[in-house]
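[1] Could you work out the structure for the sequence below:
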Amino acid sequence: MPPTIRTRLPRPHTLIHYTYRFAIGISIYYFFTDHLFDTAPVRGASMSPTLSPLSKDSGIHDRVLLRRLQPTVGLQRGDVVTFWKPHKPEEVSIKRVVGLEGDTVVLRDREEGTEGGGEGEVVKEGEGTEAGRRGRVIVKVPFGHVWVEGDCWRGSFDSNDFGPVSF
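    Residues are numbered from 1 along each chain as shown. Predicted coordinates for the structure are as follows:
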């Protein structure tokens, strides 16, 4: 006897079982990406050559792992952070932390900048007078803020342009 249509269709409890597993899997994925970890592409040349060194030539972008659970705990100079762009709040930017709250930072002169590593100059208390005499702008990073800069100073729109970023 040929198989009937009824025998070819999955049983209702099987459909419910797979739908339940799928819903649980999606829920776990969204919990992890919203609360624990996520990834983001590095677009643009502001962090090259450290991140996405080939993005300009080949269009290949690096991805970074974002820590969503307590992202500001243990923040240090040299850490790479993501934040909402002050001038375009719908976009995310990625930069290197150069100064923490309470630090005094000398704004980088775009003509004198150096490549690689977020080269903003952090001065200790009492050392800022030399930079001030040279006519350079000195900024004290306020409480709850960080000073961020891109590794490629020529292609970076960073704290030298929009000031400290709140965290």
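
[2] Skip the chain neighbours and tell me the closest residue to residue 61.
    residue 41 (4.5 Å; CB to CB, 6 or more residues apart in numbering). C-beta coordinates here come from the backbone N, C-alpha and C atoms, glycine included.

[3] Any idea how many residues pack against that neighbour?
    14 (other CB atoms under 10 Å).

[4] mind listing what it touches?
    By CB atoms under 8 Å, 6 or more residues apart in numbering, residue 41 lies in contact with 61, 62, 63.

[5] Over to residue 85?
    By CB under 8 Å, 6+ apart, the neighbours of residue 85 are 91, 92, 93.

[6] what about the residue lying closest to the second one once chain neighbours are set aside, which SS state?
    Residue nearest to residue 92 in three dimensions, not counting chain neighbours: residue 82, with 5.3 Å by CB to CB, 6+ apart. In terms of secondary structure, residue 82 is strand; the call rests on DSSP: H, G, I helix; E, B strand; the rest coil.

[7] Which strand residues bridge residue 82?
    On the basis of DSSP bridges, residue 82 is bridged to residue 94.

[8] hmm, back to that, among the contacts of residue 85, which ones are buried?
    Buried members of the contacts of residue 85, counted by 16 or more other CB atoms under 10 Å: residue 93.

[9] Now flag whichever of the contacts of residue 85 is closest to residue 68.
    residue 92 (12.8 Å; CB to CB).
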